[in-house]
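S.K.: Just a sequence and a predicted model for now, questions to come.
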Amino acid sequence: MKRVALVTGGTRGIGLGIAKALAAAGFDLALCGLREEREVSPVLAELGAARYFRADIGEQKDRVRLVSEVKGAFGRLHVLVNNAGIAPHARVDLLEAGEDSFERLLRVNLQGPYFLTQGVARWMLEQGRTDAGWSGCVVNVTSVSATVASTDRGEYCVSKAGLAMASRLWAVRLAGAGIPVYEVRPGIIRTDMTKGAVEKYDRLIGEGLVPQGRWGTPEDVGRVVSALARGDAPYSTGAVIVVDGGLTLPRL
């Protein structure tokens with residue numbers, strides 16, 4: 001029986017890159033997003049063994065329903081990839097930023113994956129108790145913004161820094177059960193989220209911001225998540241894997 005991975009935000013951008021890599025590795029996929037299923041049907045057809053569940057991870061009732069529906073559809077779950085996240089509607093200086101955007105980003109980018117992990121972890125622990133051959137992991141997709149300050153999108157940075165700590169907390173809590181928790185930290189990745197800043201990042205990359213001299217791709221992130229999901233780093237719970245082309249390397 002194939003292993004199952006739940007990928008939030010798995011039908012576009014980094015999430016789709018992750019989903020493709022997991023499908024290639026032989027996983028059955030549960031993909032979560034906000035769009036209607038008819039809008040994502042071409043992606044589902046391309047991926048093959050994938051089911052789509054419409055849910056807003058920022059809403060408690062949707063998280064509970066998502067776990068219940070995945071359980072009903074597959075009866076098992078081995079990997080949770082907390083990838084879904086949002087950016088501010090507008091970049092605003094810290095001195096002018098309002099609370100609505102802050103609350104929205106913290107609810108979706110931090111509270112959502114934090115408590116989705118709680119619900120999934122309870123199920124994972126149950127599976128581990130009843131099936132000696134079961135193994136699984138949790139992967140949180142954060143951002144270099146967890147440590148790199150951008151003063152015109154402070155709420156995004158705070159949400160990703162919080163998720164980085166959540167990764168450590170869950171890694172410690174689940175270690176005794178043999179469930180590793182990892183943080184994957186992408187840099188400048190070419191997706192829908194960054195399409196409005198292509199000119200800016202093209203210039204910065206051209207000026208040497210990224211030592212490897214190029215944009216990252218969803219596939220770059222997908223390869224890393226796939227390796228973790230396969231179990232290639234079993235003694236590395238709490239590890240932070242940076243996928244940024246060297247962007248955050250200290251340099252003189």
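M.R.: Now that the structure is in, tell me what you want to look at.
S.K.: what's the pLDDT at residue 1?
M.R.: For residue 1, the pLDDT comes out at 87.
S.K.: Against residue 112, how distant is residue 158?
M.R.: 15 Å (CB to CB, to the nearest Å). C-beta here means a position set from N, CA and C on the backbone, and glycine is covered the same way.
S.K.: what's the residue nearest in space to the middle of the chain in contact with, if anything?
M.R.: For the chain, residue 83 is the residue whose C-alpha lies nearest the centre (CA atoms, centre = their mean; 1.9 Å). Shown in contact with residue 83 (CB atoms under 8 Å, 6 or more residues apart in numbering): 7, 8, 9, 10, 14, 15, 18, 141.
S.K.: Recalculate using a threshold of 6 Å.
M.R.: By CB atoms under 6 Å, 6 or more residues apart in numbering, residue 83 lies in contact with 7, 8, 9, 15, 141.
S.K.: Just put these in a markdown table and tack on neighbour count, pLDDT and secondary structure.
M.R.: As requested, the contacts of residue 83 are exported to a markdown table (neighbours: other CB atoms under 10 Å; pLDDT from 0 to 100; DSSP: H, G, I helix; E, B strand; the rest coil):
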| residue | neighbour count | pLDDT | secondary structure |
| --- | --- | --- | --- |
| 7 | 30 | 98 | strand |
| 8 | 25 | 98 | strand |
| 9 | 24 | 97 | coil |
| 15 | 26 | 98 | helix |
| 141 | 28 | 98 | strand |
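S.K.: sorry, back to before: neighbour count: residue 158 and residue 112, which is higher?
M.R.: residue 112 (26 against 17; other CB atoms under 10 Å).
S.K.: If you drop the residues flanking it in sequence, what lies closest to that one?
M.R.: Excluding its sequence neighbours, the residue lying closest to residue 112 (CB to CB, 6 or more residues apart in numbering) is residue 57, at 3.6 Å.
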